[in-house]
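**Q** A structural model of the following input is requested.
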Amino acid sequence: MPSTPDDGGVTTLLTRFRVDILLLLVAASWGSTYLVAKELVTPNSGVALLAVRMVLAAVVMGAIVGARRNRVTAAELRVGVVLGTLLAAVFAFETFGIAHTSATNAGLIISLTIVFTPILDSVVSGRRLPGRFFVAALIAVIGVALLAGNGALRPPGLGDLLVLVAAVIRAVHVTTMHRLTAGKPMDSLHLTTVQLATCAALFSVASTVSGDSIPHFLSRLDPGRGTLFLYLVLVCTVFAFFVQTWAVRRTSPSRVSLLLGTEPIWAAVIGVAIAHDSVTAAGFCGIALILAGTAWGRSIEQRHRLAALAALVALADDASDRSGHHPVAVPGE
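**A** Sure, this is the predicted structure:
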């Protein structure tokens with residue numbers, strides 16, 4: 001029986017729904033990472049945990065790349081190593097920060113990457129951000145101060161500071177990735193695999209001189225902790241990176257950003273409802289300010305970026321008209 005236009009619309013809707021659900025699952029898994037890592041990590045086991053996590057993730061991702069029979073290019077290898085080194089720093093500060101703070105605090109403070117990244121990109125590119133964006137960023141930072149101090153006027157603890165550094169480095173990672181890959185034919189899956197392999201190599205070497213050794217860490221994994229660790233590797237790392245790479249080719253970047261941007265919400269819900277993190281009324285106000293500030297900041301930045309892109313297109317069209325070269329119309333467009 002031939003398909004009808006309605007069938008095509010239903011198929012498109014179902015595909016979009018499937019992509020959205022998978023991206024929400026990724027955001028939820030990332031939100032749960034902080035609680036899972038909190039259950040597994042200690043100040044002495046952080047490096048070994050990261051080493052085993054990255055080795056297993058890199059092996060699985062490498063197998064996927066090998067099955068596709070596409071070779072990693074020299075450019076992808078060079079860029080991947082640079083980005084992987086930055087990513088290793090993010091994981092290190094984030095993981096050791098989690099060992100010294102609550103899962104709720106870690107998941108929300110790391111979300112400041114959303115406002116740090118546009119600020120860093122504007123410094124590097126010379127593009128000015130609207131004044132409203134800095135108001136949104138200030139709201140988010142005030143929220144962090146309320147959450148970290150739980151209503152008291154005191155400096156943030158060590159764990160909160162380490163996660164804050166991780167958020168800054170993550171912004172550097174995102175900005176660097178954009179600068180090194182923009183306009184270049186690079187495979188996202190290849191880049192992710194090289195980054196994870198770089199992290200695996202760095203943490204494996206570091207585990208020989210710092211903290212517990214890998215064999216000692218593995219010997220302490222009972223069935224319960226082993227299950228949590230496999231969840232951290234397979235769901236929060238491999239599944240998340242693979243779905244993100246798959247989804248960006250099937251929906252708009254803004255939609256991916258919007259859905260993955262729910263990560264701090266999941267982190268807060270999981271931290272409070274499951275981990276039973278102690279949060280005062282002032283802390284809940286801080287959570288609300290962080291979520292509101294980062295969401296507003298993302299919205300302002302996206303609108304500003306789209307407006308700048310539209311202005312560039314209009315300028316190019318105007319230049320084309322002045323030179324007498326007009327674009328050729330394509331039938332059906």
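**Q** low-confidence ranges in the stretch 1-150 of the chain?
**A** 1-15, 150 (pLDDT under 70).
**Q** what's the closest non-adjacent residue to Trp266?
**A** Gly31 (2.6 Å; C-beta to C-beta, 6 or more residues apart in numbering). (Glycine included, C-beta is placed from N, CA and C.)
**Q** can you pull out the helices in the stretch 201-333 of the chain?
**A** Listed in chain order, the helices of the stretch 201-333 of the chain (DSSP state H, counting those that start in this stretch) span 214-219, 223-230, 240-247, 253-260, 263-273, 281-323.
**Q** hang on, Val269 packs against Ser32?
**A** No. If you go by C-beta atoms under 8 Å, Val269 and Ser32 don't touch, sitting 9.7 Å apart.
**Q** who has more neighbours out of these two?
**A** Ser32 (24 against 16; other C-beta atoms under 10 Å).
**Q** quick one: contacts for that one?
**A** Cys236, Trp266, Ala267, Ile270 (C-beta atoms under 8 Å, 6 or more residues apart in numbering).
**Q** what about the last one, neighbour count?
**A** Going back to what we said before, that points to Ile270. 21.
**Q** and the next element down the chain from the helix or strand where Val135 lies?
**A** Taking DSSP states H and E as the criterion, Val135 maps to helix 131-149. Next helix or strand after helix 131-149 toward the C-terminus (DSSP H and E): helix 158-181.
**Q** circling back: worst average pLDDT in the helices of the stretch 201-333 of the chain?
**A** Lowest mean pLDDT of the helices of the stretch 201-333 of the chain: helix 253-260, a mean of 74.
**Q** against which helices or strands is that one packed?
**A** helix 5-40, helix 240-247, helix 281-323 (3 or more C-beta pairs under 8 Å, 6 or more residues apart in numbering; DSSP states H and E).
**Q** show me how far that helix is from its chain's centre.
**A** Helix 253-260 sits 11 Å away from the centroid of its parent chain (C-alpha atoms, centre = their mean, to the nearest Å).
**Q** thinking again about what came up before, among the contacts of Ser32, which one has the most neighbours?
**A** Neighbour max across the contacts of Ser32 (other C-beta under 10 Å) = Ala267, 29 neighbours.
**Q** contacts only, for the residue nearest to that residue when sequence neighbours are not counted.
**A** Nearest residue to Ala267 in three dimensions, chain neighbours excluded: Gly107, at 2.3 Å (C-beta to C-beta, 6+ apart). Listed by C-beta under 8 Å, 6+ apart, the contact set of Gly107 reads Gly31, Thr33, Tyr34, Glu263, Pro264, Trp266, Ala267, Ala268, Ile270, Gly271.
**Q** so what's the residue count around the fifth one?
**A** Other residues near Pro264 number 26, with proximity taken as other C-beta under 10 Å.
**Q** contacts only, for the closest residue to it other than its chain neighbours.
**A** Spatial nearest neighbour of Pro264, chain neighbours left out: Ser111 (3.8 Å); criterion: C-beta to C-beta, 6+ apart. For Ser111, the contact set (C-beta under 8 Å, 6+ apart) comprises Ala140, Ala167, Glu263, Pro264, Ala267, Ile290, Leu291, Thr294.
**Q** I'd assumed Tyr34 was in contact with the fifth one.
**A** Yes. With contact defined as C-beta under 8 Å, Ala267 counts as touching Tyr34 (5.6 Å).
**Q** okay, and the common contacts of those two?
**A** With contacts taken as C-beta under 8 Å, 6+ apart, the residues that reach both Ala267 and Tyr34 are Ala103, Thr104, Ala106, Gly107.
**Q** does the first one touch Leu35 like I think?
**A** Yes. Here Ala103 reaches Leu35: they are 4.2 Å apart, a contact under C-beta under 8 Å.
**Q** tell me, what's touching these two both at once?
**A** Counting by C-beta under 8 Å, 6+ apart, the contacts common to Ala103 and Leu35 are Ile270, Gly271, Ala275.
**Q** quick one: contacts for the second one?
**A** Yep, that's Gly271 we're talking about. Taking C-beta under 8 Å, 6+ apart, one finds Tyr34, Leu35, Ser102, Ala103, Thr104, Asn105, Gly107, Asp277 in contact with Gly271.
**Q** next one: phi and psi at the fifth one?
**A** When read as degrees, to the nearest 10, the backbone of Thr104 gives phi -60, psi -50.
**Q** what's near enough to touch the residue lying closest to Ala171 once chain neighbours are set aside?
**A** Excluding the flanking residues, the one nearest Ala171 by C-beta to C-beta, 6+ apart is Phe116, at 3.7 Å. Listed by C-beta under 8 Å, 6+ apart, the contact set of Phe116 reads Ala167, Val168, Arg170, Ala171.
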